[in-house]
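> Need a 3D model of the following:
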Amino acid sequence: MLSCFVPHGFYLTAPVFEYLDQPMLFMQELNRDVNLGLVGKTVIHPSQIALVQQAYFVPLSMLDEAQSILHSEAKAVFKYNNTMLELTIHRAWAHEVVNCAEVFGTINDGHSDYKPLL
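So this is what the prediction gives:
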């Protein structure tokens with residue numbers, strides 16, 4: 001469903017997780033949901049809310065990478081943390097990361113080292 005809807009601007013949320021007594025399994029499912037590109041999770045109990053919020057925090061290193069792509073003086077193709085980034089390909093992703101960080105917040109993952117790339 002993701003490949004059918006997301007390219008046309010329709011984002012999907014993940015379905016409910018019905019086991020209230022299995023927080024570790026819930027976190028595994030949340031991580032999979034985030035990695036698949038689902039933009040939220042349906043909850044059935046207030047105890048699940050904090051875990052969902054935690055899963056959707058944006059790591060600062062990812063935000064730094066997105067900001068480097070969106071930097072006004074970034075080159076069309078450049079090296080960042082031993083990765084090649086291309087503005088044309090990565091710009092939409094970078095906007096999504098910045099938007100998610102604004103909505104869900106960030107988490108320090110210890111790999112943050114943003115430097116404007118000229």
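> Contacts only, for the residue sitting furthest away from the middle of the chain.
Computed with CA atoms, centre = their mean, the residue of the chain farthest from its C-alpha average is residue 21, at 26.4 Å. Contact partners of residue 21, counting by CB atoms under 8 Å, 6 or more residues apart in numbering, are absent. Any C-beta I mention is one placed from the backbone N, CA and C, and that applies to glycine too.
> mind checking how far it is from residue 14?
When distance is defined by CB to CB, to the nearest Å, residue 21 is 19 Å away from residue 14.
> Near the closest residue to residue 79 other than its chain neighbours, how many other residues are there?
Leaving out its chain neighbours, the residue that sits closest to residue 79 by CB to CB, 6 or more residues apart in numbering is residue 85, at 7.6 Å. Look at residue 85: counted by other CB atoms under 10 Å, it has 22 neighbours.
> A strand includes residue 85, no?
Yes: according to DSSP: H, G, I helix; E, B strand; the rest coil, residue 85 belongs to a strand.
> roughly how far apart are it and residue 68?
7 Å.
> what touches both of these two?
Counting by CB under 8 Å, 6+ apart, the residues touching both residue 85 and residue 68 are residue 78.
> quick one: residue 31 and residue 54 touch, right?
No: Residue 31 is beyond contact range of residue 54, at 10.3 Å (criterion: CB atoms under 8 Å).
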